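**Q** pasting a predicted model and its sequence here:
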Amino acid sequence: MKLRVGIVGLGEAWETRHRAALRALADRFEVRAVCAKVSHLAERAARDFNAVTVDGFRALATRSDVDAVLVLSPDFYGSLPILAACDAGKAVYCADALELDPEQARVVKERVERSGVAFMAEFPRRLHPATLRLKELIVTRLGKPRMLFCHARLSVDAKAESRRHVRPGTQAMHTLIELIDWCRYVVGTEPTSVMGVRHFGPGHLDEDYEMMSLDFSNPGELGQGPLAQISCGHYMPGAWPEAVSYRPPAGLQVACERGIAFIDLPSTLVWFDAAGRHQESLDSERPVGEQLLMVFHRAVTSLVRKIGDLEDAYRALNVLLAARTSFTEARRVPIDS
(Lines give C-alpha, C1' and ligand atoms only; values in the text may rest on other atoms or scores of the structure.)
Protein backbone atom coordinates (compact mmCIF):
# COMPACT_ATOMS: atom_id res chain seq x y z
CA MET A 1 0.00 0.00 0.00
CA LYS A 2 1.33 3.44 -0.97
CA LEU A 3 0.88 6.16 1.66
CA ARG A 4 -0.07 9.62 0.44
CA VAL A 5 1.74 12.09 2.69
CA GLY A 6 1.86 15.80 3.33
CA ILE A 7 5.03 17.47 4.61
CA VAL A 8 5.01 20.22 7.21
CA GLY A 9 8.32 22.05 7.52
CA LEU A 10 11.67 21.31 5.93
CA GLY A 11 14.15 20.85 8.76
CA GLU A 12 17.93 20.62 8.78
CA ALA A 13 17.75 16.91 7.89
CA TRP A 14 15.61 17.43 4.77
CA GLU A 15 18.51 17.38 2.30
CA THR A 16 20.62 14.82 4.15
CA ARG A 17 17.94 12.34 5.24
CA HIS A 18 14.27 12.86 4.48
CA ARG A 19 14.36 13.92 0.83
CA ALA A 20 16.59 11.01 -0.21
CA ALA A 21 14.58 8.52 1.87
CA LEU A 22 11.26 9.57 0.33
CA ARG A 23 12.70 9.29 -3.19
CA ALA A 24 14.17 5.84 -2.46
CA LEU A 25 10.84 4.66 -1.02
CA ALA A 26 8.69 5.97 -3.88
CA ASP A 27 6.95 2.60 -3.98
CA ARG A 28 5.65 3.18 -0.44
CA PHE A 29 5.25 6.96 -0.14
CA GLU A 30 3.74 9.54 -2.44
CA VAL A 31 4.26 13.17 -1.46
CA ARG A 32 1.08 15.07 -2.32
CA ALA A 33 1.49 18.42 -0.52
CA VAL A 34 4.18 20.56 1.13
CA CYS A 35 3.77 23.36 3.67
CA ALA A 36 6.84 25.28 4.84
CA LYS A 37 7.55 28.71 6.25
CA VAL A 38 9.97 29.65 3.46
CA SER A 39 7.90 29.63 0.29
CA HIS A 40 10.68 29.08 -2.26
CA LEU A 41 11.94 26.04 -0.33
CA ALA A 42 8.41 24.63 -0.21
CA GLU A 43 8.01 25.18 -3.95
CA ARG A 44 11.32 23.48 -4.73
CA ALA A 45 10.46 20.47 -2.55
CA ALA A 46 7.01 20.24 -4.15
CA ARG A 47 8.53 20.26 -7.64
CA ASP A 48 10.87 17.43 -6.68
CA PHE A 49 7.89 15.19 -5.95
CA ASN A 50 5.28 16.59 -8.36
CA ALA A 51 3.33 17.79 -5.35
CA VAL A 52 1.55 21.04 -4.55
CA THR A 53 2.34 23.73 -2.00
CA VAL A 54 -0.26 24.46 0.65
CA ASP A 55 -0.70 27.62 2.71
CA GLY A 56 -1.14 26.39 6.24
CA PHE A 57 -0.69 23.10 8.08
CA ARG A 58 -4.42 22.83 8.86
CA ALA A 59 -5.31 22.97 5.18
CA LEU A 60 -2.69 20.28 4.50
CA ALA A 61 -3.94 17.98 7.29
CA THR A 62 -7.54 18.11 6.08
CA ARG A 63 -6.80 17.31 2.43
CA SER A 64 -8.62 14.21 1.23
CA ASP A 65 -5.55 13.05 -0.73
CA VAL A 66 -3.29 13.00 2.36
CA ASP A 67 -3.21 9.86 4.54
CA ALA A 68 -0.39 10.89 6.89
CA VAL A 69 1.46 14.03 7.93
CA LEU A 70 5.26 14.21 8.15
CA VAL A 71 6.19 17.00 10.58
CA LEU A 72 9.85 17.51 9.68
CA SER A 73 10.30 20.93 11.29
CA PRO A 74 8.08 22.89 13.69
CA ASP A 75 8.65 26.18 11.76
CA PHE A 76 7.56 28.14 14.85
CA TYR A 77 4.23 26.27 14.93
CA GLY A 78 5.16 24.12 17.92
CA SER A 79 2.70 21.30 18.49
CA LEU A 80 -0.12 22.78 16.36
CA PRO A 81 0.57 20.68 13.21
CA ILE A 82 0.45 17.50 15.29
CA LEU A 83 -2.83 18.51 16.89
CA ALA A 84 -4.28 19.41 13.50
CA ALA A 85 -3.34 15.99 12.13
CA CYS A 86 -4.97 14.32 15.13
CA ASP A 87 -8.16 16.33 14.57
CA ALA A 88 -8.16 15.21 10.93
CA GLY A 89 -7.53 11.57 11.87
CA LYS A 90 -4.17 11.45 10.07
CA ALA A 91 -1.13 9.46 11.19
CA VAL A 92 1.87 11.54 12.26
CA TYR A 93 5.61 11.13 11.72
CA CYS A 94 7.38 13.73 13.81
CA ALA A 95 11.07 14.54 13.43
CA ASP A 96 10.95 17.41 15.92
CA ALA A 97 8.41 16.28 18.50
CA LEU A 98 11.19 16.37 21.06
CA GLU A 99 11.40 20.16 20.96
CA LEU A 100 8.02 20.61 22.64
CA ASP A 101 7.81 22.25 26.03
CA PRO A 102 6.37 20.17 28.93
CA GLU A 103 2.82 21.49 28.66
CA GLN A 104 2.75 21.01 24.89
CA ALA A 105 4.10 17.47 25.30
CA ARG A 106 1.35 16.61 27.78
CA VAL A 107 -1.36 17.99 25.49
CA VAL A 108 0.05 16.15 22.46
CA LYS A 109 0.31 12.87 24.35
CA GLU A 110 -3.31 13.07 25.50
CA ARG A 111 -4.60 14.17 22.08
CA VAL A 112 -2.77 11.40 20.20
CA GLU A 113 -4.03 8.78 22.65
CA ARG A 114 -7.63 9.99 22.24
CA SER A 115 -7.49 10.36 18.46
CA GLY A 116 -6.50 6.75 17.75
CA VAL A 117 -3.95 7.73 15.06
CA ALA A 118 -0.52 6.15 14.65
CA PHE A 119 2.31 8.36 15.88
CA MET A 120 6.04 7.94 15.41
CA ALA A 121 8.74 10.15 16.90
CA GLU A 122 12.08 10.07 15.14
CA PHE A 123 14.87 8.41 17.17
CA PRO A 124 17.58 7.82 14.56
CA ARG A 125 20.31 6.86 17.03
CA ARG A 126 18.47 3.63 17.79
CA LEU A 127 18.64 2.38 14.21
CA HIS A 128 22.21 3.25 13.30
CA PRO A 129 24.27 0.12 12.50
CA ALA A 130 26.70 0.75 15.36
CA THR A 131 23.89 0.86 17.93
CA LEU A 132 22.26 -2.32 16.64
CA ARG A 133 25.61 -4.13 16.67
CA LEU A 134 26.30 -2.93 20.22
CA LYS A 135 22.99 -4.41 21.38
CA GLU A 136 24.06 -7.73 19.86
CA LEU A 137 27.44 -7.60 21.61
CA ILE A 138 25.83 -6.84 24.96
CA VAL A 139 23.89 -10.09 24.68
CA THR A 140 26.67 -12.25 23.23
CA ARG A 141 30.10 -10.94 24.27
CA LEU A 142 30.21 -7.85 26.47
CA GLY A 143 27.55 -8.51 29.08
CA LYS A 144 25.22 -6.01 30.73
CA PRO A 145 26.12 -2.30 30.68
CA ARG A 146 27.62 -0.90 33.90
CA MET A 147 28.51 2.67 32.94
CA LEU A 148 27.65 4.82 29.93
CA PHE A 149 29.25 8.10 28.87
CA CYS A 150 27.28 9.93 26.21
CA HIS A 151 28.45 13.28 24.89
CA ALA A 152 27.38 15.73 22.19
CA ARG A 153 29.16 18.91 21.14
CA LEU A 154 26.74 20.95 19.07
CA SER A 155 28.17 22.27 15.84
CA VAL A 156 27.84 25.90 14.89
CA ASP A 157 25.12 25.08 12.33
CA ALA A 158 23.21 22.88 14.78
CA LYS A 159 23.28 25.64 17.36
CA ALA A 160 22.00 28.20 14.85
CA GLU A 161 19.21 25.84 13.76
CA SER A 162 18.31 25.27 17.38
CA ARG A 163 18.15 29.00 18.07
CA ARG A 164 15.64 29.44 15.27
CA HIS A 165 13.21 26.87 16.58
CA VAL A 166 13.70 26.63 20.37
CA ARG A 167 13.06 29.48 22.75
CA PRO A 168 16.07 30.84 24.72
CA GLY A 169 17.28 28.55 27.49
CA THR A 170 16.42 25.26 25.74
CA GLN A 171 18.83 25.12 22.78
CA ALA A 172 20.08 21.65 23.66
CA MET A 173 16.70 20.14 24.53
CA HIS A 174 16.27 18.15 21.32
CA THR A 175 19.77 16.67 21.49
CA LEU A 176 19.61 15.89 25.20
CA ILE A 177 16.30 14.05 24.90
CA GLU A 178 17.67 11.97 22.04
CA LEU A 179 20.74 11.11 24.14
CA ILE A 180 18.56 10.18 27.12
CA ASP A 181 16.50 7.89 24.90
CA TRP A 182 19.69 6.40 23.41
CA CYS A 183 21.00 5.44 26.87
CA ARG A 184 17.59 4.08 27.92
CA TYR A 185 17.53 1.98 24.75
CA VAL A 186 21.04 0.58 25.25
CA VAL A 187 20.51 -0.23 28.93
CA GLY A 188 17.04 -1.62 28.32
CA THR A 189 15.52 -0.32 31.55
CA GLU A 190 14.30 2.98 33.00
CA PRO A 191 16.39 5.33 35.17
CA THR A 192 15.19 5.73 38.73
CA SER A 193 16.93 8.99 39.71
CA VAL A 194 18.95 11.81 38.19
CA MET A 195 21.35 14.58 39.16
CA GLY A 196 21.76 17.57 36.87
CA VAL A 197 24.33 20.31 36.25
CA ARG A 198 23.92 23.38 34.05
CA HIS A 199 26.35 26.14 33.12
CA PHE A 200 25.25 29.51 31.81
CA GLY A 201 27.11 31.73 29.39
CA PRO A 202 27.64 35.49 29.46
CA GLY A 203 24.69 37.34 30.88
CA HIS A 204 23.34 34.17 32.54
CA LEU A 205 20.47 34.11 30.04
CA ASP A 206 21.30 30.95 28.18
CA GLU A 207 23.03 27.71 29.18
CA ASP A 208 26.06 26.67 27.16
CA TYR A 209 26.57 23.28 28.82
CA GLU A 210 24.30 20.76 30.48
CA MET A 211 25.16 17.45 32.11
CA MET A 212 23.19 14.82 33.98
CA SER A 213 23.87 11.56 35.75
CA LEU A 214 21.17 8.90 35.36
CA ASP A 215 21.07 6.07 37.86
CA PHE A 216 19.36 2.90 36.63
CA SER A 217 19.59 1.15 40.01
CA ASN A 218 16.57 -0.48 41.60
CA PRO A 219 14.81 1.70 44.19
CA GLY A 220 16.73 1.59 47.46
CA GLU A 221 19.93 0.34 45.78
CA LEU A 222 21.47 3.66 44.71
CA GLY A 223 24.75 3.26 42.81
CA GLN A 224 24.46 -0.49 42.30
CA GLY A 225 22.90 -0.49 38.84
CA PRO A 226 23.97 1.01 35.49
CA LEU A 227 24.98 4.67 35.54
CA ALA A 228 24.83 7.01 32.52
CA GLN A 229 26.57 10.37 32.26
CA ILE A 230 25.05 12.51 29.53
CA SER A 231 26.30 15.91 28.46
CA CYS A 232 25.69 18.42 25.70
CA GLY A 233 27.40 21.75 25.12
CA HIS A 234 27.83 24.58 22.64
CA TYR A 235 30.38 26.63 24.52
CA MET A 236 32.75 27.37 21.63
CA PRO A 237 32.25 30.67 19.76
CA GLY A 238 30.75 30.36 16.31
CA ALA A 239 33.81 32.09 14.86
CA TRP A 240 35.91 29.02 15.76
CA PRO A 241 34.50 26.28 13.48
CA GLU A 242 37.76 24.28 13.54
CA ALA A 243 37.72 24.14 17.33
CA VAL A 244 34.19 22.73 17.33
CA SER A 245 35.27 19.72 15.26
CA TYR A 246 38.63 19.16 16.96
CA ARG A 247 38.93 15.77 18.69
CA PRO A 248 35.25 15.28 19.50
CA PRO A 249 34.62 12.65 22.19
CA ALA A 250 33.10 9.31 21.26
CA GLY A 251 29.36 9.64 20.86
CA LEU A 252 28.80 6.81 23.32
CA GLN A 253 31.17 4.85 25.55
CA VAL A 254 29.75 1.79 27.31
CA ALA A 255 31.59 -0.14 30.01
CA CYS A 256 30.04 -3.60 30.35
CA GLU A 257 30.56 -6.64 32.56
CA ARG A 258 33.10 -8.24 30.21
CA GLY A 259 34.36 -5.38 28.03
CA ILE A 260 34.01 -1.83 26.83
CA ALA A 261 32.72 -0.31 23.58
CA PHE A 262 33.07 3.06 21.83
CA ILE A 263 30.55 4.24 19.23
CA ASP A 264 30.91 6.97 16.64
CA LEU A 265 27.73 7.22 14.61
CA PRO A 266 26.63 6.13 12.18
CA SER A 267 28.72 3.01 11.69
CA THR A 268 31.99 2.91 13.66
CA LEU A 269 32.23 0.60 16.65
CA VAL A 270 35.43 -0.22 18.56
CA TRP A 271 35.23 -2.66 21.43
CA PHE A 272 37.62 -4.41 23.80
CA ASP A 273 37.36 -7.64 25.76
CA ALA A 274 39.82 -10.22 27.15
CA ALA A 275 40.87 -11.09 23.60
CA GLY A 276 41.93 -7.50 22.83
CA ARG A 277 40.73 -4.81 20.45
CA HIS A 278 38.02 -5.27 17.82
CA GLN A 279 37.17 -2.56 15.29
CA GLU A 280 34.09 -2.79 13.12
CA SER A 281 33.03 -0.49 10.31
CA LEU A 282 29.42 -1.40 9.79
CA ASP A 283 27.20 -0.92 6.79
CA SER A 284 23.44 -1.09 6.64
CA GLU A 285 21.35 -2.36 3.79
CA ARG A 286 19.43 0.90 3.90
CA PRO A 287 20.26 4.38 5.28
CA VAL A 288 18.73 5.16 8.65
CA GLY A 289 16.29 7.64 7.08
CA GLU A 290 14.79 4.89 4.94
CA GLN A 291 14.62 2.51 7.89
CA LEU A 292 12.73 5.06 9.97
CA LEU A 293 10.18 5.70 7.23
CA MET A 294 9.75 1.96 6.65
CA VAL A 295 8.90 1.52 10.34
CA PHE A 296 6.37 4.33 10.03
CA HIS A 297 4.84 2.77 6.91
CA ARG A 298 4.36 -0.55 8.73
CA ALA A 299 2.86 1.28 11.70
CA VAL A 300 0.25 3.02 9.55
CA THR A 301 -0.65 0.09 7.31
CA SER A 302 -0.69 -2.65 9.95
CA LEU A 303 -3.54 -3.41 12.32
CA VAL A 304 -1.36 -2.76 15.37
CA ARG A 305 -1.42 0.89 16.42
CA LYS A 306 2.01 2.41 17.11
CA ILE A 307 2.40 5.15 19.74
CA GLY A 308 5.31 3.70 21.74
CA ASP A 309 7.70 6.38 20.48
CA LEU A 310 5.40 9.04 21.90
CA GLU A 311 5.67 7.42 25.32
CA ASP A 312 9.47 7.19 24.94
CA ALA A 313 9.71 10.86 24.00
CA TYR A 314 7.51 11.83 26.93
CA ARG A 315 9.58 9.74 29.36
CA ALA A 316 12.84 11.24 28.06
CA LEU A 317 11.42 14.75 28.44
CA ASN A 318 10.43 13.99 32.04
CA VAL A 319 13.99 12.81 32.76
CA LEU A 320 15.38 16.08 31.38
CA LEU A 321 12.96 18.12 33.48
CA ALA A 322 13.93 16.12 36.57
CA ALA A 323 17.60 16.84 35.83
CA ARG A 324 16.88 20.56 35.65
CA THR A 325 14.94 20.35 38.90
CA SER A 326 17.96 18.60 40.42
CA PHE A 327 20.20 21.50 39.39
CA THR A 328 17.80 24.11 40.73
CA GLU A 329 17.27 22.37 44.08
CA ALA A 330 20.82 20.96 44.40
CA ARG A 331 19.67 17.41 45.09
CA ARG A 332 19.20 14.03 43.44
CA VAL A 333 15.67 13.75 42.04
CA PRO A 334 13.77 10.44 41.82
CA ILE A 335 12.10 9.69 38.49
CA ASP A 336 8.50 8.58 38.65
CA SER A 337 8.12 5.31 36.74
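**A** Here it is on my side, so go on.
**Q** how about low-confidence regions in the stretch 51-200 of the chain?
**A** Low-confidence segments of the stretch 51-200 of the chain, defined by pLDDT under 70, are located at 76, 97-100, 155-171.
**Q** can you give me the helices for it?
**A** Applying DSSP state H, counting those that start in this stretch to the stretch 51-200 of the chain gives helices spanning 57-61, 80-87, 102-115, 124-127, 129-137, 156-165, 173-187.
**Q** domains of the chain?
**A** 3-122+288-305, 125-285+318-334 (automatic domain parsing).
**Q** among the ones you listed, which is the most enclosed?
**A** Using mean count of other Cβ atoms under 10 Å, the stretch among these with the largest mean neighbour count is domain 3-122+288-305, at a mean of 19. Any C-beta I mention is one placed from the backbone N, CA and C, and that applies to glycine too.
**Q** how far does that one sit from the chain's center?
**A** Taking the mean of its C-alpha atoms, domain 3-122+288-305 sits 15 Å from the chain's own mean (Cα atoms, centre = their mean, to the nearest Å).
**Q** please apply the same query to stretch 136-151.
**A** Between the mean C-alpha position of stretch 136-151 and that of its chain there is a distance of 21 Å (Cα atoms, centre = their mean).
**Q** end to end, how far does it reach?
**A** 22 Å (Cα to Cα, to the nearest Å).
**Q** show the contacting residues for Arg17.
**A** Contacts were defined as Cβ atoms under 8 Å, 6 or more residues apart in numbering; by that measure Arg17 touches 124, 287-289.
**Q** now Gln122: how far from Asn50?
**A** That one is not Gln; residue 122 is Glu. To Asn50, Glu122 is 25 Å away according to Cβ to Cβ, to the nearest Å.
**Q** pull the most distant pair out of the contacts of Arg17.
**A** Set against one another by Cβ to Cβ, the contacts of Arg17 have their most distant pair in Pro124 and Pro287, with a gap of 9.9 Å.
**Q** I'd like the helices of the stretch 51-200 of the chain as a markdown table, with distance to Arg4 appended.
**A** Compiled in a markdown table, these are given as follows (distance: least, Cβ to Cβ, whole Å):
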| stretch | distance to Arg4 |
| --- | --- |
| helix 57-61 | 12 |
| helix 80-87 | 13 |
| helix 102-115 | 19 |
| helix 124-127 | 24 |
| helix 129-137 | 30 |
| helix 156-165 | 27 |
| helix 173-187 | 28 |
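**Q** of those helices, which is nearest Leu282?
**A** For Leu282, the closest of those is helix 129-137, at 3.7 Å, according to Cβ to Cβ.
**Q** which neighbouring elements make contact with that closest one?
**A** Contact analysis of helix 129-137 by 3 or more Cβ pairs under 8 Å, 6 or more residues apart in numbering; DSSP states H and E lists helix 173-187, strand 260-264, strand 268-273 as its packing neighbours.
**Q** can you redo the ones you listed as a markdown table with distance to Ala239?
**A** Output for the helices and strands packed on helix 129-137, formatted as a markdown table (distance: least, Cβ to Cβ, whole Å):
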| stretch | distance to Ala239 |
| --- | --- |
| helix 173-187 | 22 |
| strand 260-264 | 26 |
| strand 268-273 | 29 |
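**Q** for Ser231, find the nearest of the ones you listed.
**A** The closest approach between Ser231 and any of the helices and strands packed on helix 129-137, judged by Cβ to Cβ, belongs to helix 173-187 at 8.4 Å.
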